[in-house]
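1. my questions are about this predicted structure, shown below with the sequence.
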Amino acid sequence: MKYVCLIKPGSSQEKIIEDGENLIVYLRAKAHDGEANAALIESLSKHFHVGKTCIKIVQGTKSRNKIIEIIR
């Protein structure tokens, strides 16, 4: 399943707001040296109860707008 994600790095809390196939993900990690992407994958794996290897950033690795694919 593919999701369109808006990432909010450097937030004071971590949370995921889900609206159908759209996600807003608040992360504590900063958008520096791939830290936010790693934190995103970890956060989504906990949220969807899948392994980290089941989550792939399809588009937008250097953007706040990303397309994520989750393989179950």
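-> Received, thanks. What you see is a predicted model; the values in this text were computed from it and never measured.
2. what's the residue nearest in space to the middle of the chain in contact with, if anything?
-> The centroid of the chain falls nearest to L40 when counting by CA atoms, centre = their mean (3.6 Å). Contact analysis of L40 by CB atoms under 8 Å, 6 or more residues apart in numbering lists 5, 7, 25, 27, 57, 66, 68. Using the backbone N, CA and C atoms, a C-beta is placed for each residue, glycine as well.
3. so it: helix, strand or coil?
-> Look at L40: counting by DSSP: H, G, I helix; E, B strand; the rest coil, its state is helix.
4. likewise the one 5 residues further on?
-> Under three-state DSSP, the three-state class of S45 is helix.
5. does it touch I55 like I think?
-> Yes: using CB atoms under 8 Å, S45 makes contact with I55 at a distance of 5.9 Å.
6. comparing these two, which residue is more hemmed in?
-> I55 (20 against 16; other CB atoms under 10 Å).
7. my read is that the more buried one contacts R72, right?
-> No: in this structure I55 lies outside contact range of R72 using CB under 8 Å: 10.4 Å.
8. overlap in contacts of those two?
-> In contact with both I55 and R72: F48, using CB under 8 Å, 6+ apart.
9. quick check: mean pLDDT of stretch 4-12?
-> Averaged over stretch 4-12, pLDDT sits at 96.
10. and it, how far from the chain's centre?
-> The chain centroid and the centroid of stretch 4-12 are separated by 8 Å under CA atoms, centre = their mean, to the nearest Å.
11. kindly report the same for stretch 44-59.
-> Worked out by CA atoms, centre = their mean, stretch 44-59 lies 8 Å from the chain centre.
12. residues in contact with it?
-> Residues contacting stretch 44-59 (CB under 8 Å, 6+ apart): 2, 16, 23, 25, 37, 40-42, 66-72.
13. quick one: which of these has the most company?
-> Going by other CB under 10 Å, V25 tops the contacts of stretch 44-59 with 25 neighbours.
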